[in-house]
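Participant: give me a model of this one.
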Amino acid sequence: MKARLLDLAHARSGDKGDTANVGVIARRPEWYPLLARELTATRVAAHFTGMITGPVERFELPNLHALNFLLHGALGGGGTVSLKTDAQGKTFSTALLRMEIEVPDGTL
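Facilitator: Here you go, the predicted structure:
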């Protein structure tokens with residue numbers, strides 16, 4: 001079955017230059033392996049097709065039940081030079097939480 005990432009995780013985002021940073025934290029520790037399996041860098045990059053121009057890097061933080069993604073080329077040059085509405089990357093977490101992932105029946 002499919003579920004929105006929002007139902008399984010919290011997320012926070014920010015920026016550094018032209019790179020958006022998105023942290024995804026499992027709402028329950030037992031859901032972390034599911035997130036680690038489903039949220040690959042490739043899948044996150046595909047989710048942001050047309051919004052970012054560079055690669056996506058993924059970092060695992062199993063002790064925090066979290067994943068951190070760096071979205072390169074996401075901010076049109078960064079807050080001081082970008083004409084984007086959200087040049088600081090604050091809405092990337094909300095956008096990622098809209099992603100749907102496969103979850104086993106009975107997970108939620």
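Participant: for the lowest-mean-pLDDT helix or strand in the chain, what is the distance to the chain centroid?
Facilitator: Least confident helix or strand of the chain, by mean pLDDT, DSSP states H and E, is strand 9-16 with a mean of 90. Distance of strand 9-16 from the chain centroid (C-alpha atoms, centre = their mean, to the nearest Å) equals 7 Å.
Participant: in three-state terms, label Pro33 for me.
Facilitator: Classification of Pro33 using DSSP: H, G, I helix; E, B strand; the rest coil returns helix.
Participant: how close does it get to Leu39?
Facilitator: From Pro33 over to Leu39 the distance is 11 Å, taken as C-beta to C-beta, to the nearest Å. To be clear about C-beta, it is placed using only N, CA and C from the backbone, and glycine gets the same treatment.
Participant: go on, Tyr32?
Facilitator: 10 Å.
Participant: how deep is Leu64 tucked in, by neighbour count?
Facilitator: Neighbours of Leu64 under the rule other C-beta atoms under 10 Å: 13.
Participant: can you tell me, leaving aside adjacent residues, what's nearest to it?
Facilitator: Nearest residue to Leu64, sequence neighbours excluded (C-beta to C-beta, 6 or more residues apart in numbering): Ile25, at 6.7 Å.
Participant: look at that neighbour and report its pLDDT.
Facilitator: Ile25 carries a pLDDT value of 98.
Participant: each with direction, which strands does the least confident helix or strand of the chain pair with?
Facilitator: Next to strand 9-16 in the sheet, as set by DSSP bridges, lie strand 19-26 (antiparallel).
Participant: still on that earlier bit, so which of Pro33 and Leu39 has more stuff around it?
Facilitator: Each of Pro33 and Leu39 has its neighbours counted (other C-beta under 10 Å); Leu39 has more, 22 against 12.
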